[in-house]
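> okay, here's the prediction I keep looking at, along with the sequence it came from:
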Amino acid sequence: MTEMNFEQARFNMIEQQIRPWDVIDQRVLDLLSEVPREDFVPPQHHNLALVDMFLPIGHEQTMMSPKLEARMLQALDIQPFENVLEVGTGSGYVTALLSKLAKQVYSIEIIPEFIKSAQTKLAEHRITNVTLEEGDAAQGWPLDAPYDVTVITGSLPLLPDAFKQSMNIGGRLFAIIGDSPSREVMLITRIGEFEWIKEVLFETDLPPLNNATEPDRFEF
């Protein structure tokens, strides 16, 4: 694909995938135009970067589809003064999007190869408000808490309570909870010291985070 084709494909992605999925936040639409998704996908999938699909990125992990990323950003309504926890750096693309909206992003990744790749890509795009940390955040990441926004980019069979406890009051958490093939995409908002509200946005499927907590399952 030539650069001109990528620009046309980006326009088509926004008009044919993103807007029809009820994404109307102009900040989000502008951001998707600004950050070139093709720069963050594995080279072998370069020409599929703007297609409506989950893309494999190695280590049995995938990138969300563009419309899911867009709905996530719209639901979280990130403000320029807010700190964000991202669990699962992956390709670094969502990290880059978050960095354009937030004050600071703390992105945690268990796979060293992803950390190195994301570090290079973010530097190429002159993104400096991201702290990349290698570690296992499947049970939570209190190190830089409290957070205004938490984004969990892989699914979880169960949501560990530590994530809710590390939220600021008024903070929002995006998570995909449940079992394949139908997991609930949730937005959780902390409205008091001991009170949270949960909104189910839609259903999707996404591979689980490494070391995600599994529920007790009965065997017959």
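That came through, no problem.
> show me which helix runs longest in this structure.
Using DSSP state H, we find that the single longest helix of the chain is helix 112-124.
> partner strands of the next helix or strand after that one, parallel or antiparallel?
Downstream of helix 112-124, the first helix or strand assigned by DSSP states H and E is strand 130-134. Taking DSSP bridges as the criterion, strand 130-134 forms sheet pairs with strand 104-109 (parallel).
> avg pLDDT for the partner strand?
Averaging pLDDT along strand 104-109 yields 98.
> how about the spatially most central residue of the chain: what's its closest non-neighbour residue?
By CA atoms, centre = their mean, the mean C-alpha position of the chain lies nearest to Thr153, the distance being 4.2 Å. Once flanking residues are discounted, Thr153 sits nearest to Gly88: 3.8 Å by CB to CB, 6 or more residues apart in numbering. Every residue, glycine included, has its C-beta placed from N, CA and C.
> give the contact list for that neighbour.
By CB atoms under 8 Å, 6 or more residues apart in numbering, the contact set of Gly88 is Gln61, Ile108, Glu109, Ala137, Ile152, Thr153, Gly154, Leu209.
> could you point out which element follows the strand or helix carrying the fifth one?
Read that as Ile152. Per DSSP H and E, Ile152 falls inside strand 147-156. The C-terminal neighbour of strand 147-156 among helices and strands, as given by DSSP H and E, is helix 161-165.
> what pairs with the helix or strand just after that next one, and is each one parallel or antiparallel?
Where DSSP H and E defines the elements, the next helix or strand beyond helix 161-165 is strand 167-177. Strands that pair with strand 167-177, judged by DSSP bridges, come out as strand 147-156 (parallel), strand 183-192 (antiparallel).
> comparing these, which comes out most buried?
For the strands paired with strand 167-177, the largest average neighbour count (mean count of other CB atoms under 10 Å) is found in strand 147-156, namely a mean of 24.
> for that one, the distance to its chain's centre please.
7 Å (CA atoms, centre = their mean, to the nearest Å).
> state the mean pLDDT of that strand.
The average pLDDT within strand 147-156 is 96.
> where in this structure is pLDDT low?
The chain contains residues with pLDDT under 70 at 1-4, 215-220.
> one more time with 90, if that's ok
Residues of the chain meeting the criterion pLDDT under 90: 1-5, 60, 180-182, 205-220.
> against Arg37, how distant is Phe174?
19 Å (CB to CB, to the nearest Å).
> actually Asn12, not the one I wrote
13 Å.
> mind checking which of those two has more residues around it?
Using other CB atoms under 10 Å, the more surrounded residue of Asn12 and Arg37 is Arg37, with 21 against 13.
> which residue is the nearest non-sequential neighbour of that one?
Once flanking residues are discounted, Arg37 sits nearest to Ala49: 4.8 Å by CB to CB, 6+ apart.
> how far away is Gly58 from Ser117?
Between Gly58 and Ser117 the computed distance is 9 Å (CB to CB).
> residues near the closest residue to Ser91 other than its chain neighbours, how many?
Closest residue in space to Ser91, ignoring its immediate chain neighbours: Phe40 at 4.5 Å, by CB to CB, 6+ apart. Phe40 has 24 neighbouring residues, counting by other CB under 10 Å.
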